[in-house]
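Participant: next one to model:
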Amino acid sequence: MEDEILETQATTYLEIYVTCPYCGDWQNRVSDLTEHLSNGELRAEECDAELKCENEECGKRFLVTSIEF
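Facilitator: Here you go, the predicted model:
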């Protein structure tokens, strides 16, 4: 008699970190950059996302030109 094979689910987490080029603050900007990923890819060779640094002491705007994996 063979044992029953049970089912389960797997969970994945996506984080996209960027370093502010002005203050060096490291930020998870997945909510801002996910839309630049396409076709199931985890990277984007060409990206044109303008972000504002989340560090209150900085707050400068910068451009993300690619997302590496």
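Participant: secondary structure class for P21?
Facilitator: Put simply, P21 is coil when judged by DSSP: H, G, I helix; E, B strand; the rest coil.
Participant: need the residues that contact the helix or strand of the chain with the lowest mean pLDDT.
Facilitator: Here the helix or strand of the chain ranked lowest by mean pLDDT, DSSP states H and E is helix 30-33, holding a mean of 94. In this structure, residues lying in contact with helix 30-33 by Cβ atoms under 8 Å, 6 or more residues apart in numbering are L14, E15, I16, V18, C47, A49, L51, V64, I67. (Each C-beta comes from the backbone N, C-alpha and C, glycine too.)
Participant: out of those, which end up buried?
Facilitator: Among the contacts of helix 30-33, those classed as buried by 16 or more other Cβ atoms under 10 Å are I16, V18, A49, L51, V64, I67.
Participant: secondary structure element for the fourth one?
Facilitator: L51 belongs to strand 49-52 when assigned by DSSP states H and E.
Participant: show residues contacting that strand.
Facilitator: Taking Cβ under 8 Å, 6+ apart as the rule, strand 49-52 contacts V18, R29, D32, L33, H36, G59, K60, R61, F62, L63, V64.
Participant: tell me the helix or strand right after it.
Facilitator: Defined by DSSP H and E, the subsequent element after strand 49-52 is strand 61-64.
Participant: where does this structure have low pLDDT?
Facilitator: For the chain, the stretches with pLDDT under 70 are 1.
Participant: centroid-nearest residue for it?
Facilitator: What sits nearest the mean C-alpha location of the chain, by Cα atoms, centre = their mean, is I16, with 2.0 Å.
Participant: and that residue, what is it in contact with?
Facilitator: By Cβ under 8 Å, 6+ apart, the neighbours of I16 are N28, R29, V30, L33, T34, I67.
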